[in-house]
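Enquirer: Below are the sequence and a predicted model for it; my questions follow.
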Amino acid sequence: SSSPQITFYEGRCFTGRKLDVCGSCNSFQDQGFLNRVNSICVQSGAWVCFDHPDFRGQQYILEHGEYPDFYRWNGRSDHLGSCRPIGMHGEHYRIEIFEGSHFRGPSLELTEDCSFLQGQGWDKTCINALKVYGDGA
């Protein structure tokens, strides 16, 4: 399998200055790239991108594909500051979701993909806290 690779572009439709990233990058600015991002191409892997350096702020999950107008897709701003690849193929992982904040109230543990929580017996209308265990994402 190829190593994860993602390319960020300053302009829409893959124009302007670009930044190629092949692993964890905690600051686009340290790479000489201002954090204005308007389009993205994910060549391989899945990525979590953050709108601030040091993996802080709003998170965006980007899977393989092209994102020619990130602002329209994102709807908040054209800023990204850091990113890292997501380990998608760990062996030990589970997620626990909670109805209440601070890990209170009814909870449900999942160990595999779930496209419909209600099908797993989750009849709550919201999730206010969660824990990810092991090497899951």
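Expert: Perfect, I can see it now.
Enquirer: and after the lowest-mean-pLDDT helix or strand in the chain, which helix or strand comes next?
Expert: Taking mean pLDDT, DSSP states H and E as the measure, the chain has helix 70-74 as its least confident helix or strand, at a mean of 71. On the C-terminal side of helix 70-74, the nearest following helix or strand under DSSP states H and E is strand 82-85.
Enquirer: now what about that next one, what contacts it?
Expert: Strand 82-85 is contacted by residues 4, 6, 21, 23-28, 45-50, 52-56 when judged by CB atoms under 8 Å, 6 or more residues apart in numbering. Heads up, the C-betas are built off the backbone N, CA and C, glycines and all.
Enquirer: which of the residues you listed are buried?
Expert: 4, 6, 21, 25, 28, 45, 46, 47, 49, 50, 53, 55 (16 or more other CB atoms under 10 Å).
Enquirer: Show me the domain layout of this protein.
Expert: The record's domain parsing of the chain by the TED database lists 5-86, 93-134.
Enquirer: What are the boundaries of the strands in this structure?
Expert: 5-11, 15-21, 39-44, 47-52, 56-62, 65-67, 82-85, 93-98, 107-110, 129-134 (DSSP state E).
Enquirer: that older thread, please identify the deepest-packed of the domains of the chain.
Expert: domain 5-86 (a mean of 16; mean count of other CB atoms under 10 Å).
Enquirer: Please report the separation between the first and final residues of that one.
Expert: By CA to CA, to the nearest Å, the extent of domain 5-86 from end to end equals 11 Å.
Enquirer: what stretches of the chain score poorly on pLDDT?
Expert: 1-2, 35, 73-76, 88-90 (pLDDT under 70).
Enquirer: 90 instead?
Expert: 1-4, 31-36, 51, 58, 70-79, 86-94, 111-116, 118-121, 124-126, 132-137 (pLDDT under 90).
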